[in-house]
Structure formats: structure tokens, C-alpha cells
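K.L.:
The following block contains a protein sequence and its predicted model.
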Amino acid sequence: MHGAGAHRGISAIATRFCRDRRGVAAIEFAFIVPALLIMYFITMEASQAIETSKKVSRIGSMVADLVTQQTSVKKADLDAIMKIGTSTLQPYNRSTPTIIITGIQITDEASPKVKVAWSRKLVGTTYSADAAKDSITTIPATLNIRNTFLVRVESDLGYKPIITWSADGSKTLGLTSAFNNISMGETYYLRPRRGPSVPCSDC
């Protein structure tokens, strides 16, 4: 009888130990899962941010390439090209880019002036003129060659991480506003492909 009682006591202790181990495992699981989820979302967000940044760069290069292949343009042409440019961001849809296309004429003078020949802008879904004709602008010194023409395309996007974004736009999610809007942008300069300049007849 005494031996049977001891056996039952050992068995009860072993049972409690197994239960305690299950409790420890549950606690460990509760600590590990949030860390794993955070790592997963950070990795996913970083990958998407890098890909979106590349797409913003492609907007500038693609738009500049399309414009410089024309012998002349109109406002409607420039607006259509900018609309095509925005399509490269798909399926990203948390914010809309700003695109500015500027035709730049460098004067034929000993000290050449860098003047705006025409300029169009897309902000969200709104098309409009940007810099005024004949206003002075700036370009990199290496491109400042007298009596030449340049097409400049500026593409900018306020990237919104998925963890700080709400679809209805009524509130911002996340722990801090520092990551609510990450600025991405690129500026491209190209020379005309089919003539000395790309004039815009109604800009």
C-alpha cells in the first residue's frame, strides 16, 4: 500500500510537470508570435517600399523618353503621357504621384540663359501649367550647353506604408507620424531625339 501511494504521488507530480511545461510553451509562443509578425511586416513593407521607389524612378525615365521622341507636342499629348506614367505605379494605390514635365531652352549667348519653353504638371488627377514661359530655371552645370534643348521630368510620391494607411483616408494608423508619408522622387533630363527641340503649340 505504501509503495502504491508513493507511485501515485510521483505520477501526480509528473502530470503537473507536464502541465507546467505546456504553460511555459504557451507563454513562449505568446512572446514569439508578435515578434515574428513584426519581422514579417517589416520585411514585406521594406520590399514594397523599394519596389515603389523603383517605379517612381521609372515614371520619370518613361515620361521623358516618350516626350523626347516627339517632334512637337500639345497640352493634351503631355497630359496623356503623364497619365500613362502614373499607371506604372500599379498595384500601389495608397497615394498619387506629382509629375512635372518642363521643356527647357538654353539660349545662344556667351552667357546662356536657361529658360522655360513650356511646362505641364499632374497632381493627383489635376492637370495644369507649371512654370511660366520664359521664366528662368536651373539645370546641372554639365547640361548647360548654349543653344540646346532639354526635357526635364520630375516625379514625386509621398509613400504611405501599409501599417500607417487607412483606405477611407479618414484616419492614420501606426505608432508615429514620422512614417506616415515617406518622400520618394526622381528628376530626369533628356535631349530631343528627332529634332533640335520639342515645341508645344498650345502650352
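P.N.:
Perfect, thanks for sending it. Numbers count the residues shown, from 1 in each chain.
K.L.:
distance of residue 69 from residue 198?
P.N.:
Distance of residue 69 to residue 198, computed by C-beta to C-beta, to the nearest Å: 9 Å. In short, each C-beta sits where N, CA and C put it, glycine included.
K.L.:
what's the burial count for residue 80?
P.N.:
14 (other C-beta atoms under 10 Å).
K.L.:
With the one 3 residues further on instead?
P.N.:
Other residues near residue 83 come to 14 when the count uses other C-beta under 10 Å.
K.L.:
just checking, it touches residue 124?
P.N.:
No - the pair residue 83 and residue 124 fails to qualify as a contact (C-beta atoms under 8 Å) at a distance of 11.7 Å.
K.L.:
on that earlier part again, tell me which of residue 69 and residue 198 has more neighbours.
P.N.:
Counted by other C-beta under 10 Å, residue 69 and residue 198 do not tie: residue 198 has more neighbours, with 26 against 12.
K.L.:
Pull the contacting residues for the more buried one.
P.N.:
Contacts here follow C-beta atoms under 8 Å, 6 or more residues apart in numbering; on that basis residue 198 touches 67, 68, 70, 71, 72, 73, 103, 149, 151, 192.
K.L.:
Tell me if I am right that it is in a helix.
P.N.:
No - secondary structure of residue 198 (DSSP: H, G, I helix; E, B strand; the rest coil): coil, not part of a helix.
K.L.:
any idea which element the spatially closest residue to it that is not a sequence neighbour lies in?
P.N.:
Leaving aside its chain neighbours, residue 198 sits nearest to residue 192 (5.0 Å; criterion: C-beta to C-beta, 6 or more residues apart in numbering). Here residue 192 sits in a region with no helix or strand, counting by DSSP states H and E.
K.L.:
okay, now residue 192: neighbour count?
P.N.:
By the measure other C-beta under 10 Å, the count of residues near residue 192 is 19.
K.L.:
Just the helices from the chain, written as ranges.
P.N.:
Assigned by DSSP state H, the chain shows helices spanning 2-68, 75-86.
K.L.:
ok, of those, where does mean pLDDT dip lowest?
P.N.:
Out of the helices of the chain, helix 2-68 stands lowest, with a mean of 73 (criterion: mean pLDDT).
K.L.:
What count of nearby residues applies to the closest residue to residue 147 other than its chain neighbours?
P.N.:
Take residue 147 and drop its neighbours on the chain: the residue closest to it by C-beta to C-beta, 6+ apart is residue 108, 3.7 Å away. Neighbouring residues of residue 108 were enumerated by other C-beta under 10 Å; the total is 10.
K.L.:
Residue 108 and residue 146 touch, don't they?
P.N.:
Yes - using C-beta under 8 Å, residue 108 is in contact with residue 146, at 5.4 Å.
K.L.:
residues in contact with the residue nearest to residue 67 when sequence neighbours are not counted?
P.N.:
Spatial nearest neighbour of residue 67, excluding adjacent residues (C-beta to C-beta, 6+ apart): residue 151 at 5.0 Å. Neighbouring residues of residue 151 by C-beta under 8 Å, 6+ apart: 64, 67, 68, 101, 102, 103, 104, 189, 190, 191, 192, 198.
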